[in-house]
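**Student:** Task: produce atomic coordinates for the following.
(2 chains)
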There are 2 protein chains.
Amino acid sequence: MSLESEVLRRIKPTAKEVESLNSAANALKKTVDDDIEEHGIDVETRFVGSYAKDTYLSDPDIDLFLLFPETVPHKELETVGLSVGEAITNGIRMYSEHPYIRGKYKGVDVDLVPSYALKTAEKIRTAVDRTPFHTQYILERLKEEQKDEVRLLKGFMKGIGVYGAEPNTRGFSGYMCELLVLHYGSFLKALEGAGEWKEGVTISIEKKGPPILGPLVVYDPVDQKRNVASAVHIDTMALFITASKAYLSSPSEKFFFPQERQPYPREELERISDRNGSRLITVVFDRPDVVEDNLYSQLWKTRYALTRKLNDFDYTVLRAVHDMYEKKLEIAFELERDVLSKTYKHAGPPVWVKAADSFISKWKNNVYGPPFIEDGCWNVIAERMYFTAKEMLADEAAVSGIGREIDPRNMKIRNHETSLNETPPALLTELLDPKNSWEI
Amino acid sequence: MSLESEVLRRIKPTAKEVESLNSAANALKKTVDDDIEEHGIDVETRFVGSYAKDTYLSDPDIDLFLLFPETVPHKELETVGLSVGEAITNGIRMYSEHPYIRGKYKGVDVDLVPSYALKTAEKIRTAVDRTPFHTQYILERLKEEQKDEVRLLKGFMKGIGVYGAEPNTRGFSGYMCELLVLHYGSFLKALEGAGEWKEGVTISIEKKGPPILGPLVVYDPVDQKRNVASAVHIDTMALFITASKAYLSSPSEKFFFPQERQPYPREELERISDRNGSRLITVVFDRPDVVEDNLYSQLWKTRYALTRKLNDFDYTVLRAVHDMYEKKLEIAFELERDVLSKTYKHAGPPVWVKAADSFISKWKNNVYGPPFIEDGCWNVIAERMYFTAKEMLADEAAVSGIGREIDPRNMKIRNHETSLNETPPALLTELLDPKNSWEI
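**Tutor:** Residues are numbered from 1 along each chain as shown, chains lettered A, B, ... in the order given. Have a look, this model is predicted:
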């Protein structure tokens, strides 16, 4: 039995699971159909997403769309669609570009999405409008035997941590997996394909659309202006390329089923940090009440903004990691140094420009000596605004471009020693000894 | 009496000095003329340089050229010219582009230079050929009352330390001073002119020649292809601009007669260095047996090369100074730091290039952890080759591009404490508290 068959046996839903899922799905559709009939509108209910395409792994969501005629006003579509959904699933209203109901029906997670029944893809205006076309596109083309290939690719991506287009993963959606299998033919051929990718690669299954910038561009066959891989970060792409090559050269189920990483004890973390001769600093924010995906984007933004500041001020970031907890957001940095020299050479204007005069009058009584000429410019030995990374961040974080809803006023900073004592060991383990999931 | 008249009274040779100089010069010319007659060649002897132009300060050299007919072979010109000179002045042979005799006659320093009597400036091939034309050009144009203006400008430049085109000063020649007075009209107008200079300014007294690159371009009126200011370094130019403005806004004899600087006691140097929080390092080489001017070029080159290395390796040079002693060459640096973090982030290739494989195999067993992905590239925490500036210089100086005849094998390096104890206080004073000569 091949490794892939063995994996498939573990990730594919059993006949029994499929049967119970189908029975729940059919009952749901019938209930919705009945309910909506009472409103006297001609609404088609249609399964979309991985359930409809039969490419799902165990325990999937069921996505049921309520497709209203285009003649129905948007307000009515929302009122009717959402209230029907709410009643049946006891669900709650969710808002992406478009409101929908997320609930539970006979133990299965269900998304009920009211939208318009569009005749052609040209009329697409929101991501929700696009979904039925994606489903249809895949259903019409994906061969029966390719469905398990999609499952393998999804399982692989999940295992190496690149599955999901949401802001923390910055990876590949289920639809993207289906397109890759369609394009390359199978799971293994998709990995081979990825092994050849480089930054800026474009994939067009139907025809190539207008130029789009991005590390990876996959033209959406139902909407050529759109990049299906727009959420894929260059590091997620690089990780997928690396894992694909690694799997092809030595396949292992570890790629699909990585060990959960055990955090190192604090003494071990201290030992590694001593060995590296580096310095730790941790920034902690209160977790604001914001949708998780949205908050993850802001957390990445904050991490990058603070990294930039630390580098600009010469503390030199070796690595950074972040995590979100129930009440806190934490970003930990490993730095080359957390204290700088007291003074630095501050470069001024060339001696022949007008600004030279004001530079001179500003600095002529400088404690560290008056300005001197170098390379035709005035220079002066000036005192640094901040000696330590901690002082710097305390002052500069608020103006560094951190996430909009992350409040610098509640920011706490742990220095090296306090980080070693208080920053969660799992986070420090990831920081000080980053490992590919399949190598743990 | 104006400040300038007062200065002139002190820098201009007295009538008695002039008389004794003229008498020595005339006697020298007569002796050379008599001596050369014996060789049966029709050689004109002619005074050139500041003595001939009457723009000299006290105690000048006398430059006497022996102008041979162009029909005389170069070998004969040298044999005859040099032997005559040697005999009369008891001098020694000097070699620039062209050999000449440097000696003493009746207590006066004398340069006797055999060269060809060229009819027109078009035939100029060496710097020596050019000199008689320069002298003639100035003699024909400089007004009697401008001669003292030249003396003032020379005295000013001497006082602020920019007089002389030789490699350590990197400044303005006497001819350059004469041209500036010709161009601007007087000493004060020349300073006003310089106050308007900026990098790349060009001055053409006759007509503009072909484009020449340099911070300051003064087309030689007798040879338009040549920049009279080619020796002027941007920092010397900047210093002259600064001093000119400073003098015009508050004239003082200090510009002409600066106080000699008193080196600080070692305790004071240590106090300044502590105050700056900086670190000192001194590099000491044996002085090779090389012509001084040539060696000064090599010393500047060495200083710049080592500065580059120190900056490349992140020790960050605040300031550097150098000096030449009887047996040693010393370069002292003030650094932001002299010890670095043990590790650094070493950036590798993008994961998708071929070189990625060899990067991985090189680093996979790295003591500080295996490679990790950032911005699509492999990175690794690597141990620095050198932790201290001293170790780094000991290894890298030889390949940094230091002066050709400066031998890195005899290099000694003083660390911070040893520099404070052993580096000449005058050098450390200049390093740690650089001051304009007129402000001492």
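**Student:** how far does stretch A:327-343 stretch from start to finish?
**Tutor:** 39 Å (CA to CA, to the nearest Å).
**Student:** Doesn't residue A:381 lie inside a strand?
**Tutor:** Yes - Residue A:381 forms part of a strand when assessed by DSSP: H, G, I helix; E, B strand; the rest coil.
**Student:** Residue B:417 versus that one, what's the distance?
**Tutor:** For residue A:381, the distance to residue B:417 equals 21 Å [CB to CB, to the nearest Å]. Every residue, glycine included, has its C-beta placed from N, CA and C.
**Student:** Who has more neighbours out of those two?
**Tutor:** residue A:381 (27 against 11; other CB atoms under 10 Å in any protein chain shown).
**Student:** in terms of contact, does that one touch residue A:368 like I think?
**Tutor:** Yes - using CB atoms under 8 Å, residue A:381 is in contact with residue A:368, at 4.1 Å.
**Student:** joint contacts of those two?
**Tutor:** A:343, B:276 (CB atoms under 8 Å, 6 or more residues apart in numbering or on different chains).
**Student:** Give me the helices and strands touching the helix or strand bottoming out on mean pLDDT in chain A, please.
**Tutor:** Using mean pLDDT, DSSP states H and E, strand A:92-95 stands out as the lowest-scoring helix or strand of chain A, at a mean of 83. If contacts are counted by 3 or more CB pairs under 8 Å, 6 or more residues apart in numbering or on different chains; DSSP states H and E, strand A:92-95 sits against helix A:74-89, strand A:99-105.
**Student:** Give me the buried stretch members for that strand, please.
**Tutor:** Within strand A:92-95, the residues that count as buried by 16 or more other CB atoms under 10 Å in any protein chain shown are residue A:94.
**Student:** Give me the contacts around it.
**Tutor:** Residues contacting strand A:92-95 (CB under 8 Å, 6+ apart): A:82, A:86, A:99, A:100, A:101, A:102, A:103, A:111.
**Student:** Among these, name the buried ones.
**Tutor:** With neighbours counted by 16+ other CB under 10 Å, the contacts of strand A:92-95 contain buried members at A:82, A:99, A:100, A:101, A:102, A:103, A:111.
**Student:** And these, which two are furthest apart?
**Tutor:** Maximum pairwise distance among these (CB to CB): 13.3 Å, between A:99 and A:103.
**Student:** Any regions of the stretch 201-350 of chain A where pLDDT drops low?
**Tutor:** Along the stretch 201-350 of chain A, the model assigns pLDDT under 70 to no residue.
**Student:** got the residues of it near chain B?
**Tutor:** For the stretch 201-350 of chain A, the residues in contact with chain B (CB under 8 Å from any CB of the partner chain) are A:215, A:234-235, A:237-239, A:241-242, A:275-279, A:316-319, A:336-337, A:340-345, A:350.
**Student:** Out of the residues you listed, list just those in helices.
**Tutor:** In helices, judged by DSSP state H, the following of these are found: A:234, A:235, A:237, A:238, A:239, A:241, A:242, A:275, A:276.
**Student:** By neighbour count, which of those residues wins?
**Tutor:** In terms of neighbours by other CB under 10 Å, these top out with residue A:237 at 27 neighbours.
**Student:** wait, what's in contact with that one?
**Tutor:** Counting by CB under 8 Å, 6+ apart, residue A:237 has contacts A:197, A:199, A:215, A:216, A:229, B:376.
**Student:** Apply 7 Å and report the result again.
**Tutor:** A:197, A:215, A:216 (CB atoms under 7 Å, 6 or more residues apart in numbering or on different chains).
**Student:** tally of neighbours for the spatially closest residue to the last one that is not a sequence neighbour?
**Tutor:** In this structure, residue A:216 finds its nearest non-sequential neighbour in residue A:229, 4.3 Å apart by CB to CB, 6 or more residues apart in numbering or on different chains. A total of 27 residues lie near residue A:229 under the criterion other CB under 10 Å.
**Student:** Quick check: phi and psi at residue A:229.
**Tutor:** The phi/psi pair for residue A:229 (degrees, to the nearest 10) reads phi -100, psi 20.
**Student:** residue contacts, it?
**Tutor:** Here residue A:229 is in contact with A:176, A:214, A:216, A:217, A:218 (criterion: CB under 7 Å, 6+ apart).
**Student:** Next secondary structure element downstream of whichever strand or helix holds the fourth one?
**Tutor:** Pointing back at residue A:217 there. Assessed by DSSP states H and E, residue A:217 sits inside strand A:216-220. Sequence-wise, the next helix or strand downstream of strand A:216-220 (DSSP H and E) is strand A:223-227.
**Student:** For the least confident helix or strand of chain A, which strands pair with it and how are they oriented?
**Tutor:** Note on strand A:92-95: by DSSP bridges, its sheet partners are strand A:99-105 (antiparallel).
**Student:** for the partner strand, what is the average pLDDT?
**Tutor:** The average pLDDT for strand A:99-105 rounds to 92.
**Student:** what's in contact with the helix or strand following that strand?
**Tutor:** Downstream of strand A:99-105, the first helix or strand assigned by DSSP H and E is strand A:108-116. The contact list for strand A:108-116, computed with CB under 7 Å, 6+ apart, reads A:21, A:24, A:28, A:61-68, A:70, A:77-78, A:81-82, A:85, A:89, A:91, A:98, A:100-104, A:128-129.
**Student:** Verify the stated contact: residue A:388 with residue A:342.
**Tutor:** No - judged on CB atoms under 7 Å, residue A:388 makes no contact with residue A:342 at a distance of 11.2 Å.
**Student:** picking up where we left off before, for the contacts of strand A:108-116, which PyMOL command selects only the ones that are buried?
**Tutor:** A single PyMOL command selects the buried members of the contacts of strand A:108-116 (16+ other CB under 10 Å):
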select buried, chain A and resi 21+24+28+62+63+64+65+66+67+68+77+78+81+82+85+89+91+98+100+101+102+103+128+129
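**Student:** ok now do the closest residue in space to residue A:91 that isn't next to it in sequence, which residues does it touch?
**Tutor:** Spatial nearest neighbour of residue A:91, excluding adjacent residues (CB to CB, 6+ apart): residue A:103 at 2.3 Å. By CB under 7 Å, 6+ apart, residue A:103 lies in contact with A:85, A:89, A:90, A:91, A:110, A:112.
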